[in-house]
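Engineer: sequence and predicted structure are below.
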2 protein chains.
Amino acid sequence: MVVQRLESDKSLNQLFRALADGTRRSILARSLTETPSVSELAARYKMSFAAVQKHVAVLERAGLIQKRANGRAQLVSTNRARLQRAGELLDHFESTWRQRMGQLDDVLLPKGK
Amino acid sequence: MVVQRLESDKSLNQLFRALADGTRRSILARSLTETPSVSELAARYKMSFAAVQKHVAVLERAGLIQKRANGRAQLVSTNRARLQRAGELLDHFESTWRQRMGQLDDVLLPKGK
DNA sequence: CTATCGTACAACCATATGGTTGTACAGAGA
DNA sequence: TCTCTGTACAACCATATGGTTGTACGATAG
């Protein structure tokens, strides 16, 4: 069975890559409840402004957040559509896995130790 | 209420990192329906045996697969418990996100790092 | 206008990643 | 036994990543 190509490999790679860093997951979480500026975000972390700026850029490239200018500030917010899309992708992975696991269950589960 | 630290940051990083490569996702998928040896896996990809071996090692370190010796062959299978665990983590992320999207309630941020 | 703030970006550095080739060794088969 | 196969692992290379500092520039405050 061929898994439907819902998203390019590169896009999936970027998505998971973006999530593979605690600082970025934290930024993403914050940007869900607030709409902080980049410098407000940067103030929360021990690293330099430029470092946070890079993390924001990674999240932006992965499509998980977006920036919108407000005067000289760049306000960061999550891209909800993309976030949902990300969720669907993960769900898709999971369901594929579970489906396959289900097939395996027929063989492996009867023992149920 | 404090959100339980279900998994260490490092563990989460490894998990997402492991998923952020198409070859590894493919290996993971194959190892769900089959229990291929490392060399059988390697035969399916254009890269060298050693390269595939490294990908397998990454998946193993992330806890997504396990190897079991059968004679001189190393048979690769998915760690179903860990896989489910991975799914739960993703679900946890999603539900947290959705919850935050739904209401600006308590902020459960693992504090600033 | 001038000073400052928020941002962008370049240059640099150390380490990690993803690939290669080559060597070594244990298990299976002639 | 001796050979081939499957695996492990080291060394190496190019590029990516995650951090730094420094410079530049538009927007805002005084």
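Structural biologist: Received, thanks.

Engineer: dump the C-alpha coordinates for the helix or strand where A:Ile27 lies into PDB.
Structural biologist: Applying DSSP states H and E as the criterion places A:Ile27 in helix A:22-33. Provided in PDB are the C-alpha atoms of helix A:22-33 (Å, rounded to 0.1, in the frame of the first residue of the first chain):
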ATOM      1  CA  GLY A  22      13.000  22.600  23.200                       C
ATOM      2  CA  THR A  23      13.400  26.300  22.700                       C
ATOM      3  CA  ARG A  24      11.400  26.200  19.500                       C
ATOM      4  CA  ARG A  25       8.600  24.200  21.100                       C
ATOM      5  CA  SER A  26       8.600  26.700  23.900                       C
ATOM      6  CA  ILE A  27       8.400  29.600  21.500                       C
ATOM      7  CA  LEU A  28       5.600  27.900  19.600                       C
ATOM      8  CA  ALA A  29       3.700  27.300  22.800                       C
ATOM      9  CA  ARG A  30       4.000  31.000  23.800                       C
ATOM     10  CA  SER A  31       2.900  32.200  20.400                       C
ATOM     11  CA  LEU A  32      -0.300  30.300  20.800                       C
ATOM     12  CA  THR A  33      -1.500  32.100  23.800                       C
END
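
Engineer: contact partners of the helix or strand following that helix?
Structural biologist: Moving toward the C-terminus from helix A:22-33, the first helix or strand encountered (DSSP H and E) is helix A:38-43. Outside of helix A:38-43, the residues within contact range by C-beta atoms under 8 Å, 6 or more residues apart in numbering or on different chains are A:Ile27, A:Arg30, A:Ser31, A:Ser48, A:Phe49, A:Val52, A:Gln53, A:Val56, A:Lys67, A:Ala73, A:Gln74, A:Val76. Placement of C-beta: from N, CA and C, glycine included.
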